[in-house]
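1. Sequence first, then the predicted structure:
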Amino acid sequence: MTPSTLAPCRRTPVYLALCLAMTLAAPIHAQDVANHGNNAASGPNASDNNGGGDTSNTPKTLHGVQVTAATSAVSSVALTQGSMLATQPQSIIGSTYIQENVPPTGDYTDVAAIAPSVYTVAPNGSGLMEAAVVSIRGFQDGQYNVTFDGIPWMDSNDFTHHSTSYFTNQETGSVLVDRGPGTASTLGNATFGGTISVDSINPEDKFNVHPYISFGSWDTAVEGARIDTGSFTSSGTNAVINLQNNESDGYLTYAGQRRQSVFAKVVQPLGENTTLTFAAMWNKLNQYVPFGATKAQIAQYGINYALNNDPTSQAYYRYNEDKINTNMAYIGLHSAFAGWTIDNKIYTYGYNHFGFNGEDPNGETPNGTFYSPTDVPGQHMRNTNRSWGDIFRLAKEIGPGEVRTGVWYDHQDDIRWLYEFDDTLNLLNPVANPGAPTLALAAADRRMNDSLVTIQPFVEYQWNITDNAYFIGGAKYNYFKRNIDAPVNQKTGTPLSYSKDWNATLPSASFHYAFSSNWTAYAQWAKGYLAPNLNLFYVPNPVASDAAVAPEKTTNIQLGSTWSSDRLTLSGDIYKIDFNNFVQKHNVAGISEFYNGGGVHYKGIELEGAYVLGGGFSVYANASLNRAIQTTDNQWNANTPHKTAALGLTYSNGPLYVSLVDKFIGKTYYTANAENDTPIGGYAVTNLAASYMFDPHITNVKDFKIGVQLNNLFNNTTINSLAGTTGGASTPLYFTIPARNFNFTVSADLF
């Protein structure tokens, strides 16, 4: 176990949380969310009245035939399952799986990891640093959307996501993994590889205080409380709040983390058909951040080597730290009347990140700064962004179907700077631009202000052809504009003031057919896209690059089917995706320029299913065969496993829940200079979870629950990811699978 670098600040917020919990009281009326993910249909006319719902495109019911998204016994035990209503491959992951199987420190990436074709890497333990890899069919973070309660969020420079910086598992009601670009009403800046939709918890129907505490490996502790107010006004207002504190030393050496989070949602009925929802979250994260280890370091210092406790080293943990504050809030209005449906969300979210790192923590760059040849060189950075936006949706029953239209507007402003520092003296190190007129400019690697404006109107029509079949056709127009004002531009180190806008029209068509009330099928054709990255401007003359670059696009073709009965659910699909306009870079007379060149062909097959054996036992399995080949050189695309698979056995009977789940990731190729296209072999990780709920016969305590999770049961600690390369000789860096670890959790329902 690594030394507890965060011990002085342990556990202080939990007392405030529990004291606040004990002061709140009232009765409630709202939707129970115990099976929120398993019973929810996604889509513009499937938004719940409590403000959840995602932005994909599945109608609530099939016109005429009463199909359901999940049915009876199997819906409550399936770890994931396909939707009877979807028009593209989709895996629904409900609250039972999240709360029983995912460690209490985990995040949405740990939840999504169970789904077919999904490959994730959590080097420091679940949720204890940002996920190193989150891949869907080989599409990487930044090539697919992530939404919270239907709101797309991302860093606008490259559309990636900070998995540990927003909702915690205790604030998550369900996760939906859509593997495809959706229909016209699927909104987001990266509809390439699909959408991970994270829906927050909704208020329960009775007053309840739910304190919880968890302890685990690596001196991990989680303390918090969820409070459901119940209905506290005559109009039925209800609310839920979660307060939480996490601390851990992490699996990797000196990679400790402390995280505090507050989430609240208030639901206000406005008459019989209209609901107003307000939701907000705040998150504070302090983390010592590793960059991976070379194979030589792993051999010398151990499989969990990351940072050290030597102030003369660039890998000293106090020189390698992230301090991140985030917040998010929205007001949502949902109304349905006389064949009309109106849904609108006004939102804002912000990310404020101060980061510190040694110049080359893996030791290939020697010490030495402007002030002394022995001082430790480092870098200090700040990335901060603020988005404001609105999502408006309108639907109307017209003729033999429904027309749906709307628009998404988002404006994000970013501040990005990076300075060279002398970490020994904590002074600016003026070596980046030695001839600059000021010390700050002489030390600056980048000083940038940039913005991205996105406007996406859409229209689509669902034509109910027969009682068993419908067709959805539509188009989305995307306009996006980047602006940069940089006294010191990234990569070039020179000033740049520049703006550029792009647009794309994206049609889609989907067909859905119900053979019976428990067997449906679909076919989808759609265009996906990815807006150009900000790095397009990291050149001396962006005019030369952007004239040669068009938005990256895909053409997706998918066929699938879902069967669901009382004891069995089965889903399967095949897909083919042509990715073109792949943005690449070359040097012309020593100057970097970007251009479109080649693409990638993706294709594969995916299966998932669950069967209730009886007596409380059920079995779950999924599998995928995935292929992604680059068209320019016929090479395998990086970070695309040849195959994935999962197998789970669960027992759920009354107060007892037990699960044994194994996830397998097939061979994956990487490109890393000295070890070009070296594969990382296939590996499997097995997790065991068990919980028991009982009545302790204590006044004001309704239920008492104890649970244990044993992760990586067979202690597989092989290399599972390329982390990057060193700053000196570009030696490959790696992460390994965290060793066997446990979490023990106690919770209760009070009053």
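-> That came through, no problem. Just so we're clear, the structure is a prediction, and the values are computed from it rather than from any experiment. Numbers count the residues shown, from 1 in each chain.

2. contacts for the helix or strand containing Asn687?
-> For Asn687, the enclosing helix or strand under DSSP states H and E is strand 683-694. Strand 683-694 is touched from outside by 100-101, 655-665, 703-714, 716, 718, 720, 737, 745, with contacts defined as CB atoms under 8 Å, 6 or more residues apart in numbering. C-betas here are computed from N, CA, C, even on glycine.

3. Just want the angle from the helix or strand just after it to strand 683-694.
-> Next helix or strand after strand 683-694 toward the C-terminus (DSSP H and E): strand 701-711. For strand 701-711 against strand 683-694, the angle by axes from the mean of the first three to the mean of the last three CA atoms, to 10 degrees is 160 degrees.

4. pLDDT below threshold where in the protein?
-> By pLDDT under 70, the weakly predicted segments of the chain are 1-72, 548, 582-597, 671-678.

5. Gly681 and Lys667 touch, don't they?
-> Yes: under the criterion of CB atoms under 8 Å, Gly681 makes contact with Lys667 at 5.8 Å.

6. higher neighbour count, those two?
-> Lys667 (14 against 11; other CB atoms under 10 Å).

7. Identify the bridge partners of Arg416.
-> Arg416 has these beta-bridge partners by DSSP bridges: Asn383, Met448.

8. what's the spacing between it and Asn449?
-> The gap separating Arg416 from Asn449 is 8 Å, by CB to CB, to the nearest Å.

9. of those two, who's got more company?
-> Arg416 (21 against 15).

10. My read is that the more buried one contacts His353, right?
-> No: using CB under 8 Å, Arg416 makes no contact with His353, being 9.7 Å away.

11. quick one: common contacting residues for these two?
-> Counting by CB under 8 Å, 6+ apart, the shared contacts of Arg416 and His353 are 381-383.

12. where's His380, which helix or strand?
-> Here His380 is assigned to strand 377-398, by DSSP H and E.

13. mind checking how far that strand is from the chain centre?
-> 14 Å (CA atoms, centre = their mean, to the nearest Å).

14. likewise stretch 701-709?
-> Between the centre of stretch 701-709 and the centre of its chain there are 28 Å (CA atoms, centre = their mean).

15. buried set for it?
-> Across stretch 701-709, burial judged by 16 or more other CB atoms under 10 Å covers 704-705, 707, 709.

16. Now distance to Asn580 too, for these, in TSV please.
-> Shown next, in TSV, are the buried residues of stretch 701-709 (distance: CB to CB, whole Å):
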residue	distance to Asn580
Phe704	57
Lys705	52
Gly707	48
Gln709	44
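
17. So which of the residues you listed is the closest to Ala521?
-> Gln709 (37.1 Å; CB to CB).

18. Is that closest one bridged to anything, and to what?
-> In this structure, Gln709 bridges to Ala689, Asn743 when assessed by DSSP bridges.

19. for Val488, same thing?
-> Note on Val488: beta-bridge partners Arg447, judged by DSSP bridges.

20. Any idea how many residues pack against it?
-> Val488 is flanked by 23 other residues according to other CB under 10 Å.

21. what sits against it?
-> 432-433, 441, 444-448, 494-495.

22. Tell me the spacing between it and Arg226.
-> To Arg226, Val488 is 46 Å away according to CB to CB.

23. What is the strand holding His380 packed up against?
-> On a contact count with 3 or more CB pairs under 8 Å, 6 or more residues apart in numbering; DSSP states H and E, strand 377-398 meets strand 340-358, strand 401-422.

24. 10 Å - rerun?
-> Secondary-structure packing of strand 377-398 (3 or more CB pairs under 10 Å, 6 or more residues apart in numbering; DSSP states H and E): strand 151-152, strand 321-337, strand 340-358, strand 401-422, strand 444-464.

25. tell me the SS of the closest residue to Val600 other than its chain neighbours?
-> Distances taken as CB to CB, 6 or more residues apart in numbering place Phe579 nearest to Val600, at 4.4 Å, with adjacent residues excluded. When classified by DSSP: H, G, I helix; E, B strand; the rest coil, Phe579 comes out as strand.

26. Dig out what Phe579 forms beta bridges with.
-> Going by DSSP bridges, Phe579 is paired in beta bridges with Thr554, Val600.

27. Ok, Leu427 next?
-> Here Leu427, judged by DSSP bridges, has bridge partners Asp422.

28. what's the burial count for it?
-> With other CB under 10 Å as criterion, Leu427 counts 15.

29. residue ranges of the helices in this protein, please?
-> 12-23, 36-39, 72-77, 95-101, 108-112, 295-301, 439-443, 542-546 (DSSP state H).

30. what is in contact with Arg416 and Asn449 at once?
-> By the contact definition CB atoms under 10 Å, 6 or more residues apart in numbering, Arg416 and Asn449 are jointly contacted by 484, 486.

31. Contact partners for the residue nearest to Val600?
-> With CB under 10 Å, 6+ apart, Phe579 has these contacts: 138-139, 143, 192-193, 528, 530, 552-556, 598-602, 628, 630-631, 637.

32. if I look at it, how far off is Gly666?
-> 21 Å.

33. Also Leu496?
-> Counting by CB to CB, the gap from Leu496 to Gly666 is 43 Å.

34. Start and end of stretch 632-651, how far apart?
-> Taking CA to CA, to the nearest Å, the first and last residues of stretch 632-651 lie 49 Å apart.

35. residues of that stretch that come out buried?
-> By neighbour count on 16+ other CB under 10 Å, the buried set for stretch 632-651 is 636-648, 650-651.

36. Report the buried members of the contacts of Phe579.
-> 138-139, 143, 192-193, 528, 530, 552-554, 556, 599-602, 628, 630, 637.

37. between the strand holding His380 and strand 340-358, how many degrees?
-> 170 degrees.

38. mind listing what Gln379 touches?
-> Listed by CB under 10 Å, 6+ apart, the contact partners of Gln379 are 319-320, 355-359, 418-421, 423, 429, 432, 443, 445, 727.

39. Show me the beta-bridge partners of it.
-> Beta-bridge partners for Gln379, by DSSP bridges, are Asn357, Glu420.

40. Tell me how many other residues surround the closest residue to Thr494 other than its chain neighbours.
-> Spatial nearest neighbour of Thr494, excluding adjacent residues (CB to CB, 6+ apart): Pro540 at 6.5 Å. Under the neighbour criterion other CB under 10 Å, Pro540 is assigned a count of 16.

41. Could you measure from Pro540 over to Ala432?
-> Counting by CB to CB, the separation of Pro540 from Ala432 is 17 Å.

42. what's the answer for Tyr144, then?
-> For Tyr144, the distance to Ala432 - CB to CB - is 34 Å.

43. okay, those two: which has more neighbours?
-> Between Tyr144 and Ala432, Tyr144 has the larger neighbour count (other CB under 10 Å), namely 28 against 19.
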